[in-house]
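Novice: Sequence first, then the predicted structure, then my questions.
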Amino acid sequence: MSGKGMNLTLQIWRQKDANDKGKMVDYKVTDISEHMSFLEMMDVLNEQLVNSGEEPVAFDHDCREGICGMCSMYINGEAHGPDRGITTCQLHMRMFNDGDTITIEPFRAAAFPVIKDLVVDRMAFERIQQAGGFISVNTSGNTQDANSLPISKHAADEAMDAATCIGCGACVATCKNSSAMLFVGAKVSQYALLPQGQVEAADRVKNMVAQMDLEGFGNCTNTGACEIECPKGISLDNIARMNREFMAANIKG
Amino acid sequence: MSGILNSSIGRKIAMALSALFLIFFLIIHLAVNITSLFSADLFNELSHFMGTNPLVQFALQPVLVLGVIFHFIMGFVLEIKNKKAVGNISYKRNNGAANSSWMSRNMIYSGIAILAFLILHFIDFWVPEMNHKYIEVLPEDPTRYFGELQHKFVPIWRVAAYVVAFIFLSLHLMHGFTSSLQSMGVSAIRKKFYKNFGLVYSIVIPLGFIIIALFHHFNH
Ligand code: HEM
Ligand code: SF4
Ligand code: FES
């Protein structure tokens, strides 16, 4: 197969640990098949590095099928690279050309500190979720029959759409303000749209927004970049809905 | 009030409210000024009313001044907070144009251009007005406004400054119009109706002011 694939220059952010200053380092990979996924290309690079006794590039990944949200990479100036509606593991090398120089950086935000190389700490999302992204129900055997609570098709669809957020953080990484409002908007909406979410609705939005602010995420300017880069196509409607929920919660006191 | 301003969404709502007030104000301002294109008398009459009516002078005008000041101070506060949220290290390569408009990414710069203009505008019209009314306490002359307006637009540099400023205002509003609605909870950013309405507003209003400045430069 030699000679048929692409030869690429990779400019990758290398950072030993959280305290290291870090810098971009150039690497060459050769004979990369256009059918490879981006992470497979990274595997090729890492094998090369290991074989030559160098430290492989640390990057997050898990499912490699677009559902876990781990594979955070900022590729050629875009979260998850140049394709739409995908995660990095779903990005294919056919999006690139022979001879290309590809820049690969970690997701950047003060609230997403770099742990090593391309790996960032996204626990801030976890803490926002814990602040209110749940419903308190008794599940000890006497759960209600699901059909006893009628839900309109429209509301159910919108709640399901919001619930497809995988917490990848691309919205934050791509936002010029490092705002997490698309993520939080999705998590708030998912419950706000359903009757089960009503009881704790006001506390939920207040607590989740308060935690979001505490984590140091920025203020939304409505650029809409998050929606474009979101692998799950989470709609900006969710941010507007969160704003409404927030106003309603504060007016009620 | 300060509680609301401690929250990111609260700040956005306050920002949007001040912006929507300015959007409304611009319509009134243009409506008054446009009369100067066809009737010096009507323009004088309206200006005199605006300049002497106590409701306008002591209720609307302070709200306007405070609204503008709040808006730009909050604009700077948000800019500083957002820079902090981004952190010290920025992307080596960032393709903002791939996912957002230039206008939406540069509200602070179009805003600063408008602020520079507003300072000039205050020196041009507001300072002489205050001087006339409260400092030198000159005799009331309900027909002076049109002449003052015409006189202002004689120098080409001022006309040029106004034209440039209104182009920046147009850019500011091209994003700002739908953005302020979105902040208020209306899902406006991607909706055709709001987008088109916002686009028409952000072109027609600044263009109106530009035409007025050019008209008086060439007809005096
Ligand atoms: C005085 C100078 C001004 C400065 C420094 C300024 C600055 C800004 C900034 C930085 C933003 C973005 C805030 C954010 O969402 O992050 C903004 C938004 C906005 N500005 Fe201005 N601005 C100025 C004047 C004006 C004027 C005269 C108008 C006239 C109508 C206006 C209308 C708007 C609108 C509609 C928004 C969108 C509000 C939102 O997103 O909720 N601005 N301004
Ligand atoms: S909203 Fe989209 S981009 Fe943001 S965390 Fe969820 S899936 Fe990722
Ligand atoms: S590795 Fe799970 S989404 Fe990419």
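Specialist: The structure has been received and is ready for your questions. Ligands and ions are numbered 1, 2, ... in the order given.
Novice: which ones are touching the residue in the stretch 51-200 of chain A positioned nearest to ligand 1?
Specialist: At 6.9 Å from ligand 1, A:Asn177 is the closest residue in the stretch 51-200 of chain A, using C-beta to the nearest ligand atom. No exception for glycine: its C-beta is placed from N, CA and C like everyone else's. Applying C-beta atoms under 8 Å, 6 or more residues apart in numbering or on different chains to A:Asn177 gives the contacts A:Gly218, A:Asn219, A:Cys220, A:Thr221, B:Leu78, B:Asn82, B:Ala85, B:Val86.
Novice: and the gap between it and A:Cys226?
Specialist: A:Asn177 sits 10 Å away from A:Cys226, going by C-beta to C-beta, to the nearest Å.
Novice: pLDDT weak spots in chain A?
Specialist: Scanning chain A for pLDDT under 70 picks out A:1-3, A:253.
Novice: swap in chain B?
Specialist: Confidence mapping of chain B against pLDDT under 70 gives the ranges B:1-2.
Novice: Check it for me, the residue farthest from its geometric middle.
Specialist: The outermost residue of chain B relative to its centre, with distances by C-alpha atoms, centre = their mean, is B:Lys92 at 34.9 Å.
Novice: what about the residue nearest to A:Leu49 when sequence neighbours are not counted, neighbour count?
Specialist: Residue nearest to A:Leu49 in three dimensions, not counting chain neighbours: A:Pro56, with 4.9 Å by C-beta to C-beta, 6 or more residues apart in numbering or on different chains. Neighbourhood size, A:Pro56 [other C-beta atoms under 10 Å in any protein chain shown]: 14.
Novice: wait, what's in contact with A:Pro56?
Specialist: A:Leu45, A:Asn46, A:Leu49, A:Val50.
Novice: tell me which of those is nearest to chain B?
Specialist: Of all the contacts of A:Pro56, chain B sits closest to A:Leu45, with 18.1 Å by C-beta to the nearest C-beta.
Novice: can I assume that closest one sits in a helix?
Specialist: Yes: counting by DSSP: H, G, I helix; E, B strand; the rest coil, A:Leu45 is found in a helix.
Novice: Could you chop chain A up by domain?
Specialist: As recorded under automatic domain parsing, the domains making up chain A are A:6-116, A:122-136+A:149-252.
Novice: near ligand 2 at all, the last one?
Specialist: Yes: counting by C-beta under 6 Å from any ligand atom, contacts between domain A:122-136+A:149-252 and ligand 2 involve A:165-171, A:182-183, A:186, A:230-232, A:234.
Novice: Is any residue of that domain near ligand 3?
Specialist: No: Domain A:122-136+A:149-252 does not reach ligand 3 (C-beta under 6 Å from any ligand atom); its nearest approach is 6.5 Å.
Novice: gap between the two ends of that domain?
Specialist: By C-alpha to C-alpha, to the nearest Å, the extent of domain A:122-136+A:149-252 from end to end equals 32 Å.
Novice: For chain A, what lies in contact range of ligand 1?
Specialist: Residues of chain A lying near ligand 1 (C-beta under 6 Å from any ligand atom): A:Asn219, A:Thr221, A:Asn222.
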